[in-house]
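sequence plus the predicted model coming up.
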Amino acid sequence: PWSCSHVLFPGCELTSSTKSYTFQVDEEDDSDHILALSVVCLTDGAKDECNVVEVVGRNHKNQEISVPVANLKLSCQPLLSLDNFKLQPPVTFRLAAGSGPVHLAGWHQILHRDDASFEDDDDLSEEEEEKELAPIMPAKK
């Protein structure tokens, strides 16, 4: 009862004047959203300095947490492939160090519920509930 669509996330650019970007979805949307980050790279005009990009989100206790995901430097690592690093919106990307410009790009995955009155597939069928495990026998010596 679910369908999935992928939308290219055209990305964002972090610079000394625009140090953060927040990706969020409409709170009333009942679809599940995933942002898959695929690449972080320095773009034209970057200086040879450390550029640290952090992801700011919320943990299971709804506390804000920030995690560095990239440390880019023009002379040794101008690009980092993140292999579709999955994040759940809302999520903020922040340039914690350096002046950029740093470009981030990826995919926005949307899982649509096709039928609002869906059945829970996790329930066991009546036949499965009736089956009982054989009792554990003590080991023979």
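Sure, I can see it. Residues are numbered from 1 along each chain as shown.

which residues does the spatially closest residue to Asp30 that is not a sequence neighbour form a beta bridge with?
Nearest residue to Asp30, sequence neighbours excluded (Cβ to Cβ, 6 or more residues apart in numbering): Arg113, at 6.5 Å. Quick note: C-beta positions are derived from backbone N, CA and C, even for glycine. Arg113 forms beta bridges with Trp2, as assigned by DSSP bridges.

ok, now how distant is the nearest residue to Ala36 once chain neighbours are set aside from Val52?
Distance criterion Cβ to Cβ, 6+ apart; nearest residue to Ala36, sequence neighbours excluded, is Asn84 at 3.9 Å. According to Cβ to Cβ, to the nearest Å, Asn84 and Val52 sit 21 Å apart.

retrieve the pLDDT associated with Asp115.
Listed pLDDT for Asp115 reads 54.

also Val52?
Here, the pLDDT recorded for Val52 equals 98.

low-confidence ranges in this protein?
1-2, 114-141 (pLDDT under 70).

can you give me the strands for it?
Shown for the chain, the strands assigned by DSSP state E span residues 2-14, 20-23, 32-42, 51-58, 64-72, 79-87, 91-97, 102-113.

and for the residue nearest to Ala36, the neighbour number?
By other Cβ atoms under 10 Å, 14 other residues sit near Asn84.
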